[in-house]
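A.B. asks: Coordinates only, no sequence provided:
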DNA sequence: CTGTTAGCGCTTTCAA
DNA sequence: TTGAAAGCGCTAACAG
C-alpha cells in the first residue's frame, strides 16, 4: 500500500499525499482531511528506503560498542534506543571487539547510510574510522576528549566521582589506597587514573606507586590485579578500580584469598551497572549517568546534522559516588 | 561512488558491474577481473536501499525483546548479531516492554522491510503481532511451543535441566524444595514450573504446594517471594527459580533475613547470565544455551524465507545444569 | 557475453 | 492549491 494507492483512493496525486504526510501547509485543509482519512483507513506504512535512496538520509543512527555482554554497554544501548524511538529513528547496532569487526561495522554504517554514529569503547582507531569522516557521517565519541569537524565528544567527568570516593574512604579511616586501572594505552584509562590521583592530592592522601595495578575492564583483570596487590608487604586497606567488572573481579579474588569485603578490604567500582547493587556485597561505585550520556549523544548528533563541516561540540556528564556496602571502616590500621 | 561510476571506469555497463558483484557466471573472466580491479581501487560501497526499494528485501532481521537490561537478552542479542554478521545481515533491534512500544516496534519492522523477525519474551500478543503475518514476515518465537504458517518456534527444553537440578539437590540431602516461578499467565512460566514438577515426580520427591511462589523474572520478585517462603512454618531447604534474576533476588532476600547461601539454603537459577558465576556465591544454574538458540533462530529464518506460506518448524534447545556454589549439602534436616 | 532499460516509492521542483 | 515528472541506485528481463 504505497502513496500512489492512497492518492488514487483519495482522488489526489501522490505529491499531495506526500505533502499531507509531511505536514506541508500548502494543502487545503479539506483535501488534507480526505487524505488523512484514507491514510488511517488503509493503515499506510511508509517505505523509508525510497527516501533513503533519494536523499541519502536513513533516520538511522549507528552504535559501535566493543562488547554487548558488558552490562554498561547494554544499559547504554537501552537508553539510546529509547531516546531514538521518541524522535522516530532506528539504531543500527554493531559490536566490534576486533579491528576486523570494526572495519565491517563501519562499512555497514556507510551502506545503511546512517545519519550519524556513536563510537564507544576502545581507543579511537583512526584508520578504521576514517571512512566515516570521508563520507561526512556525524560522529560522537565517548570520553576521547577531542573534537573535530563532524565529530563531537561526550566526556565523562570522573574528577568529582573519584574525589567523593576517596573522601568517603578517608572518612572511614583508610590511608593506603590501591588502584586497579583499565587497559593500558586507552585514553579513558589515563583519565580515570588521573582523576584518582587528583583526588589523592586534594585529600592529602599519599599516592603509593606500588599499590597501582593494571586491569582490563573485565572480571579476570580485576581478579589477577588484586592477587598481585595482596602480595605487597603492606597491601592497601581499600581499592578503587576503573570499572565495576574490575571491582567484581577484585572482590572475587579477595574472597578466593579468604578475605572478606568490606570487613578486610573496601572496594569501589565505576559505572553502576545493572546488578551491581545486587552483588554481595552491594557495590559502592561511581555511577556514570547512562541516560544523560545517551541524551548528550542524541543532541550532538542532531546538532552536527545541521552542518557536518563545523567543528563538533564537547559535552560532559559527571560521575557521582553511590555508597553501598562494599566499603566500610578500616579494620586494622597498619602502624 | 555508485555502480554507474564503476561501470564508467571499467568501460562496461552498470549491468555488468552488478553481475560481477553478484557473482553471475555470465561475465567473461577478463571483463570481471577488470571490474573487480576498479571495485577495489575506488572502495565501492553498495547501497542496499536501492535493492530494498526494488525487491522489498532488506538483509535485515528484526529482534523484539522486552528489556535489554536483562543480561539474558543482551547476551542473546550479542550472539544473534554475531551470527547475522557472518551471513551479511543487519539486526533491527527494538525493546518493547509495553503494548504501545510493541506496536511501534512492529511498525518499524514493517517499514524497514525486515526479512524476518525474532520475538522474545513476554506472552505472544497476537493482536499486536498480527501485522507481521499479514505482511508475510517470517517470524520466530521463543518457547511459545506453537507454530503456524510463516512462524517457527524455538522451544527451550527445561525438563532435563530441572531434573538434573533436583537430582543434584537430592544427592545433597534436600527433601523440601521450594520454587519461585515466573510471571503468572506466561506460557514459559507454566513450562518451567511443569518441568520442575516433573522432576519432583521422577525423583520421587514430594511437591509441597505451600512452597510454591510467583516471581516476575526480576530481582524484586525473587526477593519478595523468598521472604514469603521463609514465613512458612516449615520452609524449604533449597529453592529453585524460574530464572537467574529471580535467584539473585532470592539470595538477596535470604541475606537480608540473616541467612547464608548455600549454608542455610541452596538456590538454583535458570539462564546462566553473564556475572552469575561472579555472584557471591557463584550461582548454580540451569544454563540456556544462547548461542544455539540464536543459531536455531537464524536457521528458522532462512528456512522460512524460502516459503513463507509453509507451516514453520519447531526447534528445541536443551537447558543443562551448571553446578557452582549456591548449592550445598543440607545443613539441618527438619525432623 | 554485454548493454539498454524499466521500475521499485518517495519528495521536490516546476508548471499550471 | 494541486499535479506531472524526474531521479536516487540497483537488478533482471530482454535485446543484441
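C.D. replies: Structure's in. What do you need? As the structure is a prediction and not an experimental result, all values here were calculated from the model. Numbers count the residues shown, from 1 in each chain, chains lettered A, B, ... in the order given.
A.B. asks: is any part of stretch A:273-283 close to chain B?
C.D. replies: Yes - on the criterion C-beta under 8 Å from any C-beta of the partner chain, stretch A:273-283 is in touch with chain B at A:274-275, A:278-280. Every residue, glycine included, has its C-beta placed from N, CA and C.
A.B. asks: Could you point out which residue ranges in chain A have low pLDDT?
C.D. replies: A:123-124, A:332-335 (pLDDT under 70).
A.B. asks: Mind checking which residue lies nearest the centre of it?
C.D. replies: Nearest to the geometric centre of chain A sits residue A:76, at 5.3 Å (C-alpha atoms, centre = their mean).
A.B. asks: Can you classify that one by secondary structure?
C.D. replies: Following DSSP: H, G, I helix; E, B strand; the rest coil, we place residue A:76 in the helix state.
A.B. asks: Tell me the backbone dihedrals of the closest residue to it other than its chain neighbours, please.
C.D. replies: The shortest distance from residue A:76 to any non-neighbouring residue, by C-beta to C-beta, 6 or more residues apart in numbering or on different chains, is to residue A:290 (5.0 Å). In terms of degrees, to the nearest 10, the main-chain angles of residue A:290 are phi -60, psi -40.
A.B. asks: How about the contacts made by the residue nearest to the centre of chain A?
C.D. replies: Residues in contact with residue A:76 (C-beta atoms under 8 Å, 6 or more residues apart in numbering or on different chains) are A:65, A:120, A:290, A:293-294.
A.B. asks: could you dump these to JSON lines with secondary structure and neighbour count?
C.D. replies: Below are the contacts of residue A:76 laid out as JSON lines (DSSP: H, G, I helix; E, B strand; the rest coil; neighbours: other C-beta atoms under 10 Å in any protein chain shown):
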{"residue": "A:65", "secondary structure": "strand", "neighbour count": "24"}
{"residue": "A:120", "secondary structure": "coil", "neighbour count": "22"}
{"residue": "A:290", "secondary structure": "helix", "neighbour count": "22"}
{"residue": "A:293", "secondary structure": "helix", "neighbour count": "24"}
{"residue": "A:294", "secondary structure": "helix", "neighbour count": "24"}
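A.B. asks: In CSV: those, plus distance to DNA strand C.
C.D. replies: Shown next, in CSV, are the contacts of residue A:76 (distance: C-beta to the nearest atom of the strand, whole Å):
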residue, distance to DNA strand C
A:65, 31
A:120, 31
A:290, 33
A:293, 31
A:294, 27
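A.B. asks: any idea which of those is closest to residue B:3?
C.D. replies: Sorting the contacts of residue A:76 by how near they are to residue B:3, with C-beta to C-beta, puts residue A:65 at the top with 32.3 Å.
A.B. asks: In this structure the closest one contacts residue A:120, no?
C.D. replies: Yes - with contact defined as C-beta atoms under 8 Å, residue A:65 and residue A:120 form a contacting pair (4.7 Å).
A.B. asks: Mind listing the shared neighbours of those two?
C.D. replies: Joint contacts of residue A:65 and residue A:120 (C-beta under 8 Å, 6+ apart) are A:73, A:76.
A.B. asks: Now, the residues of stretch A:273-283 next to chain B that are in helices?
C.D. replies: Using DSSP state H, no member of those falls in helices.
A.B. asks: Among those residues, name the buried ones.
C.D. replies: A:274-275, A:278-280 (16 or more other C-beta atoms under 10 Å in any protein chain shown).
A.B. asks: Now narrow these to whatever sits close to DNA strand C.
C.D. replies: Residues of those in contact with DNA strand C (C-beta under 7 Å from any atom of the strand): none.
A.B. asks: Any residues of the stretch 1-150 of chain A in contact with DNA strand D? List them.
C.D. replies: Within reach of DNA strand D by C-beta under 7 Å from any atom of the strand, the stretch 1-150 of chain A has these residues: A:7, A:11-16, A:19, A:26-28, A:30-32, A:50, A:53-54.
A.B. asks: How about the stretch 51-200 of chain A: which residue is closest to chain B?
C.D. replies: residue A:74 (3.6 Å; C-beta to the nearest C-beta).
A.B. asks: Distance from the chain centre to stretch A:226-237, please.
C.D. replies: 32 Å (C-alpha atoms, centre = their mean, to the nearest Å).
A.B. asks: close to chain B, is that stretch?
C.D. replies: No - against chain B, stretch A:226-237 shows no contacts by C-beta under 8 Å from any C-beta, the least distance being 13.3 Å.
A.B. asks: what's the straight distance from one end of that stretch to the other?
C.D. replies: Using C-alpha to C-alpha, to the nearest Å, the end-to-end distance of stretch A:226-237 comes out at 12 Å.
A.B. asks: Residues touching it, excluding its own?
C.D. replies: With C-beta under 8 Å, 6+ apart as the test, stretch A:226-237 has contacts from A:174-178, A:180, A:208, A:210-211, A:213, A:239, A:249-250, A:253-254, A:257, A:259, A:265-266, A:330-331, A:333-334.
A.B. asks: Please list the members of those that lie in strands.
C.D. replies: Cross-referencing the contacts of stretch A:226-237 against strands under DSSP state E gives A:177-178, A:180, A:213, A:239, A:266.
A.B. asks: Kindly reformat those residues as a markdown table containing neighbour count and distance to DNA strand D.
C.D. replies: Converted to a markdown table, the ones in strands among the contacts of stretch A:226-237 look like this (neighbours: other C-beta atoms under 10 Å in any protein chain shown; distance: C-beta to the nearest atom of the strand, whole Å):
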| residue | neighbour count | distance to DNA strand D |
| --- | --- | --- |
| A:177 | 26 | 57 |
| A:178 | 25 | 55 |
| A:180 | 29 | 49 |
| A:213 | 21 | 50 |
| A:239 | 33 | 54 |
| A:266 | 29 | 58 |
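A.B. asks: So which of the residues you listed reach DNA strand C?
C.D. replies: Of those, not one also sits near DNA strand C (C-beta under 7 Å from any atom of the strand).
A.B. asks: Can you name the two of those that sit furthest apart?
C.D. replies: Most distant of the ones in strands among the contacts of stretch A:226-237, by C-beta to C-beta, are A:213 and A:266, 16.0 Å apart.
A.B. asks: Enumerate the residues of the stretch 51-200 of chain A near DNA strand C.
C.D. replies: Close to DNA strand C, as judged by C-beta under 7 Å from any atom of the strand, the stretch 51-200 of chain A has residues A:51, A:53-55.
A.B. asks: Please indicate which of these are buried?
C.D. replies: Among these, those classed as buried by 16+ other C-beta under 10 Å are residue A:53.
A.B. asks: Need the residues of the stretch 51-200 of chain A next to DNA strand C in JSON lines (columns: distance to residue A:226).
C.D. replies: Converted to JSON lines, those look like this (distance: C-beta to C-beta, whole Å):
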{"residue": "A:51", "distance to residue A:226": "54"}
{"residue": "A:53", "distance to residue A:226": "55"}
{"residue": "A:54", "distance to residue A:226": "57"}
{"residue": "A:55", "distance to residue A:226": "54"}
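A.B. asks: can you list the residues of the stretch 51-200 of chain A next to DNA strand C in TSV and add secondary structure?
C.D. replies: Output for those, formatted as TSV (three-state DSSP):
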residue	secondary structure
A:51	helix
A:53	helix
A:54	helix
A:55	helix
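A.B. asks: Fine by me, thanks again.
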